[in-house]
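Chemist: Give me a model of this one.
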Amino acid sequence: MHHTVRTSVTTAALLLAATGLGTAAQAQPVPVQAEPAASPVRPQATAALLGDGYLASLGSQIVDSTGKRVRIAAAALHGNSRLDQNTIVNQDSPLAGLDANIRAIRNAGFNTVTLAWSDASLHDANAAAYLAGLDAVVAAAKSNLLKVILNHHNDEGQAGNGNCLAQQGNGLWYDSGPGTDGTDGCGTPGTVTQASFLADWKQLATRYKGNATVIGFDLDNEPLAYPGESTWGDGGVTDIHAMYTDVGNALETIDPGVLIICDGPQNYGGSYAGGAGVTAPEGDLTAVAAHPVVLSDANAGRARVVYSVHEYPYSVAHIDPDSGPAAVQRYNAVWGYLVTQGIAPVWIGEAGAPMSSADDTAWADTLTSYVNGQQGAGGGPTFAGTEKGVSVTWYVWDTQGLGALNADGTLNQQRYGVYSQWQ
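Modeler: Below is the predicted model:
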């Protein structure tokens, strides 16, 4: 998580300081109970597990292998996007080991975890250990009946002179070759071409082929849509729509059934669709109506494609307005229309807040009512019958600034009070 505001003097360092350092004042904790590692058990919270098999899209809904409408309620794991980081943050403290964390995640009501990775970690002397770390998360999730979404978070796994660990500074999915300046945008020399990016994703798809614990490939985290960065549908070298289509087809061919997740490129200063006042800080999906990502017929066309945005309050991402009718109107224009019009599902791949201010609370109230279908009067989506609300991921599972955990391993009650409404 990181948000580049090209129209603001706010620096990446300031934004991260607001989100990653320390733990906000915490209310009465909810204990996390980790069962003995004997056999998978049902969760203590109310989120529905996703069952066996892969998922698919059906209009604006996500459905399981039986056609039942489902909602992805995910917790973002933290750490593996860093070069050679083989374990998640807080894996061994305050909870004792990976399996204890995964059980606690399930008991907090989640049915999925997101697992970030970086290309460079697949290619150095530590690659075998790094892949074993990814395997360990997938195995722990499987034994606890959770699903996994793999997320390409960055190329080089290094912060550099910005914070390319969280969001690649050049706004692209690659950092070497045409369309780049030969770096990742944070000063680290680029090693990932478009061809090697595809090859790395194909390596992971082959590794988890047929393993329906891994239900989705989030192809690239938080691309950017500023000049010289990601475009949508123009056929140029930085056309991310073309990348989503080409890479999606390649991965679907290897691992039929996996979801292909396409992030909207972030833009604080405008949008692909244009129009006065229309900005897309959470990720611009305004061009999807005219240029959707459609895989080949052999790869199920639109039925494996899900779009993604990241929603944060002003305290985290300097998004303004972040609540109330004006925020609802931005949701509608940037991504909500895809749901309202039954075009495609949208998964909020990251959302979170310290929950330490009135503004955070207002943001949470607005977003929660929107994803649960309670903003129909304002043009938002509504849900009836067996339809499910918009799927959301809480960022992040750790003890840091937005973390779901307190320092002692109990759940932060203020944050639990938000994400439990997304399950």
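Chemist: just checking, what packs against the longest helix seen in the chain?
Modeler: Longest helix of the chain, by residue count under DSSP state H: helix 127-143. Using 3 or more CB pairs under 8 Å, 6 or more residues apart in numbering; DSSP states H and E, the elements in contact with helix 127-143 are helix 98-107, strand 112-118, strand 147-154, helix 194-207. For glycine as for every other residue, the C-beta is placed from the backbone atoms N, C-alpha and C.
Chemist: Centre of the chain to that helix, how far?
Modeler: Centroid separation for helix 127-143 versus its chain: 19 Å, with CA atoms, centre = their mean, to the nearest Å.
Chemist: Give the buried residues for that helix.
Modeler: 130-131, 133-134, 136-142 (16 or more other CB atoms under 10 Å).
Chemist: hmm, back to that, take the helices and strands packed on helix 127-143 and lay them out in TSV including mean neighbour count and mean pLDDT.
Modeler: Listed next are the helices and strands packed on helix 127-143 as TSV, based on neighbours: other CB atoms under 10 Å; pLDDT from 0 to 100:
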stretch	mean neighbour count	mean pLDDT
helix 98-107	24	97
strand 112-118	26	98
strand 147-154	26	98
helix 194-207	17	98
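Chemist: Could I get those in TSV, plus columns for distance to Y226?
Modeler: TSV is the format used below for the helices and strands packed on helix 127-143 (distance: least, CB to CB, whole Å):
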stretch	distance to Y226
helix 98-107	35
strand 112-118	22
strand 147-154	17
helix 194-207	19
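Chemist: P227 and N267: what is the separation?
Modeler: 10 Å (CB to CB, to the nearest Å).
Chemist: neighbour-wise, which of these two wins?
Modeler: Higher neighbour count among P227 and N267: N267, with 27 against 8, using other CB atoms under 10 Å.
Chemist: how long is stretch 175-193 from one end to the other?
Modeler: Criterion CA to CA, to the nearest Å; first-to-last residue distance in stretch 175-193 is 6 Å.
Chemist: Hmm, A303 is touching G59, no?
Modeler: No: A303 is beyond contact range of G59, at 10.2 Å (criterion: CB atoms under 8 Å).
Chemist: and stretch 311-321, what's its mean pLDDT?
Modeler: On average, the pLDDT along stretch 311-321 is 97.
Chemist: Then stretch 283-295?
Modeler: 97.
Chemist: Put the alpha carbons of it into PDB.
Modeler: In PDB, the C-alpha atoms belonging to stretch 283-295 read as follows (Å, rounded to 0.1, in the frame of the first residue of the first chain):
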ATOM      1  CA  GLY A 283      -7.700   3.200  -9.200                       C
ATOM      2  CA  ASP A 284      -9.300   4.200 -12.500                       C
ATOM      3  CA  LEU A 285     -11.800   1.800 -14.000                       C
ATOM      4  CA  THR A 286     -13.700   4.500 -15.900                       C
ATOM      5  CA  ALA A 287     -12.400   3.000 -19.300                       C
ATOM      6  CA  VAL A 288     -13.700  -0.500 -18.600                       C
ATOM      7  CA  ALA A 289     -17.100   0.300 -20.000                       C
ATOM      8  CA  ALA A 290     -15.700   1.000 -23.400                       C
ATOM      9  CA  HIS A 291     -12.700  -1.300 -23.200                       C
ATOM     10  CA  PRO A 292     -13.300  -4.300 -20.900                       C
ATOM     11  CA  VAL A 293     -10.700  -7.000 -20.300                       C
ATOM     12  CA  VAL A 294     -12.000 -10.000 -22.300                       C
ATOM     13  CA  LEU A 295     -10.100 -13.200 -22.300                       C
END
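Chemist: what's it in contact with?
Modeler: For stretch 283-295, contacts defined as CB atoms under 8 Å, 6 or more residues apart in numbering pick out 222, 225, 232-233, 241, 244-245, 248-249, 252, 260, 262-267, 271-273, 278, 280, 301-302, 304-305, 307-310, 333-335, 337-338, 343-344, 346.
Chemist: mind listing what's buried in that stretch?
Modeler: Using 16+ other CB under 10 Å as the test for burial, stretch 283-295 gives 283-288, 292-295.
Chemist: Let me have those in TSV, extended by secondary structure and distance to T393.
Modeler: Shown next, in TSV, are the buried residues of stretch 283-295 (DSSP: H, G, I helix; E, B strand; the rest coil; distance: CB to CB, whole Å):
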residue	secondary structure	distance to T393
G283	coil	13
D284	coil	19
L285	coil	16
T286	coil	22
A287	coil	23
V288	coil	20
P292	coil	22
V293	coil	20
V294	coil	25
L295	coil	23
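Chemist: and of those residues, the nearest to Y314?
Modeler: Closest to Y314 out of those is G283 (16.9 Å), distances taken as CB to CB.
Chemist: Got the phi and psi for D360?
Modeler: Backbone torsions of D360, given as degrees, to the nearest 10, read phi -60, psi -40.
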